[in-house]
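Novice: Based on what follows, work out the 3D shape:
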Amino acid sequence: MNVDYIALSVPIFFILIGAELAYTFYKKLNYYRLNDSISNLSQGIGQQVVGVFMKTALFFGYKYIFDHWRLFDIPNTIWTWIILFVGVDFFYYWFHRMSHEVNALWAAHIVHHQSEEYNLTVALRQSWFQSWFSWVFYLPLAFLGFDPVMFLTLSAFNTLYQFWIHTRTIKSMGFLEYIINTPSHHRVHHGSNPKYIDKNHAGTLIIWDMLFGTFQKEEEEVYYGITTPLASWNPVWANLHYWHELLGTARRSPRLADKIRVFTKPPGWYPEHMGGFKPAPEINAENYSKYNPEYHIKLAGYVIMQFIMGLTAGTVILFLNASLPLIPMIIGSVFLVLTLITCGALLEGKKWLIIFEYCRLPIGILIVLLLELPVGYQVIVATLHVISLVWFYNLQKLNTDTDAEETPEV
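Specialist: Sure thing, here's the model as predicted:
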């Protein structure tokens, strides 16, 4: 039986996020911002929902090799589990390292590094497309004959382990710093300081970085994020922006060889006619500022409501996808993405959102009424959308009145 341990762990993730949020609020640490946290969690919801459509195909690839081309019949013993645990962690290190050293792979993985904060919500900020290629790195385990269910179990454990290390509340862990991946090590990994870039790729065991020369101890203050900030809360753009940049560089490169190198070289590489390799700039502490566009405080409640509705829809798709018809699931997933776009656009103050939202909410009502859902669910969801429509109208009226007050008389 294939159990989705990550999906089952979602409630625990939110409990731990709530605990860290309460602790940091009590200590006045300012590790959380509403806009950044909503953006991080939106990426996680999108990743899980998009993954629903790919998990079977990816599992089939590993299983096909295991069924037809495996070299050994490995017994299911405790030693097999231990060896496979080390093997999964080893290949994770190389997948993770290559995701930082090859532009085409970094284009997907970059999503996880875009946040300029560092808290437990960042652990859930995941690329929507990374899993489409990451499984290839583990195929040697299938050839060797490690059972697919055992592999999925330990791969899930490797992922779950990394949740708790996305925190600033835990400092040094003594002698464990020499064995396992810790919050201190992973803070370095998320740093945009030049000395921290492309360091500490470990999943569970930090020994791989020590063995292969990519280890860096946490020393001066870490500045989080990517070297060229995303400056957007749009979840779709977050997944596509680096591809847009790479394709633009390739189009401006006259030589075919350079067009190919754009995707195979490390981040920062450019053809000679564009100046060659551009190293990451040093952090200017005096001028450093995080992306933090202003938004009206009264928007926060509306954003949270839309996010909770999106989270609920994502949870339904995640846990009931096996019993849901394909077309309604696709429609629901697309509408979910539109809802996540709304949350980001509200927090950025995008002008186009007014028309977007007045279209999205009625479409949501129409979708719910057309889908063959129990009448009770149709009434609840449709009512929430009607409330949202009225609420949004009042928010727009508030903004109009505020603008009128701020306009000087002629």
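
Novice: With just CA atoms, put the one helix or strand M150 maps to into PDB.
Specialist: M150 belongs to helix 148-161 when assigned by DSSP states H and E. Extracted C-alpha coordinates of helix 148-161, given in PDB (Å, rounded to 0.1, in the frame of the first residue of the first chain):
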ATOM      1  CA  PRO A 148       9.500   0.900  -4.800                       C
ATOM      2  CA  VAL A 149       7.400   1.100  -1.600                       C
ATOM      3  CA  MET A 150      10.400   1.100   0.600                       C
ATOM      4  CA  PHE A 151      12.000   3.800  -1.600                       C
ATOM      5  CA  LEU A 152       8.900   6.000  -1.400                       C
ATOM      6  CA  THR A 153       8.700   5.600   2.400                       C
ATOM      7  CA  LEU A 154      12.300   6.600   3.000                       C
ATOM      8  CA  SER A 155      12.100   9.300   0.400                       C
ATOM      9  CA  ALA A 156       9.100  10.800   2.200                       C
ATOM     10  CA  PHE A 157      11.000  10.500   5.500                       C
ATOM     11  CA  ASN A 158      13.900  12.400   3.900                       C
ATOM     12  CA  THR A 159      11.500  15.200   2.900                       C
ATOM     13  CA  LEU A 160       9.700  15.300   6.200                       C
ATOM     14  CA  TYR A 161      13.000  15.500   8.100                       C
END
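
Novice: Need the nearest residue in space to K63, chain neighbours excluded.
Specialist: Computed as Cβ to Cβ, 6 or more residues apart in numbering, the closest residue to K63 that is not its neighbour in sequence is P148, at 4.6 Å. All C-beta spots, glycine's among them, are computed from the backbone N, C-alpha and C.

Novice: now Y62
Specialist: The nearest residue in space to Y62 (Cβ to Cβ, 6+ apart) is A142, at 4.9 Å.

Novice: What of L84?
Specialist: Per Cβ to Cβ, 6+ apart, closest to L84 is F146, 5.1 Å.

Novice: residues near the one you found, how many?
Specialist: 24 (other Cβ atoms under 10 Å).

Novice: so it touches I74, yeah?
Specialist: Yes - under the criterion of Cβ atoms under 8 Å, F146 makes contact with I74 at 6.1 Å.

Novice: Return every residue with contacts to both of these two.
Specialist: Common neighbours of F146 and I74, using Cβ atoms under 8 Å, 6 or more residues apart in numbering, are T80.

Novice: Surely F163 and T121 touch.
Specialist: No - counting by Cβ under 8 Å, F163 stays clear of T121, with 10.5 Å between them.

Novice: Between the two, point out the one with more neighbours.
Specialist: Comparing F163 with T121 by other Cβ under 10 Å, the one with more neighbours is T121, at 27 against 18.

Novice: ok so, going back, give me the number of residues near the residue nearest to K63?
Specialist: Neighbours around P148, by other Cβ under 10 Å: 19.

Novice: cool, and the one 10 residues further on?
Specialist: A count of neighbours around N158, defined by other Cβ under 10 Å, yields 17.

Novice: got the contact list for it?
Specialist: Going by Cβ under 8 Å, 6+ apart, the list of residues near N158 reads 88-89, 92, 203-204.

Novice: For it, which non-adjacent residue is closest in space?
Specialist: Distances taken as Cβ to Cβ, 6+ apart put G203 closest to N158, at 4.7 Å, once the chain neighbours are dropped.

Novice: That neighbour should be in a strand, yeah?
Specialist: No - G203: not assigned to a strand; according to DSSP: H, G, I helix; E, B strand; the rest coil it is coil.

Novice: Can you read off the pLDDT for it?
Specialist: pLDDT recorded at G203 is 98.

Novice: Surely it and Y161 touch.
Specialist: Yes - using Cβ under 8 Å, G203 is in contact with Y161, at 7.0 Å.

Novice: So for those two, which sits in the more crowded spot?
Specialist: G203 (23 against 15).

Novice: Contacts only, for the more buried one.
Specialist: Per Cβ under 8 Å, 6+ apart, neighbours of G203: 88-89, 92-93, 96, 158, 161-162, 181.

Novice: Just the buried ones among the residues you listed, please.
Specialist: For the contacts of G203, a neighbour count by 16 or more other Cβ atoms under 10 Å gives the buried set as 88-89, 92-93, 96, 158, 162, 181.
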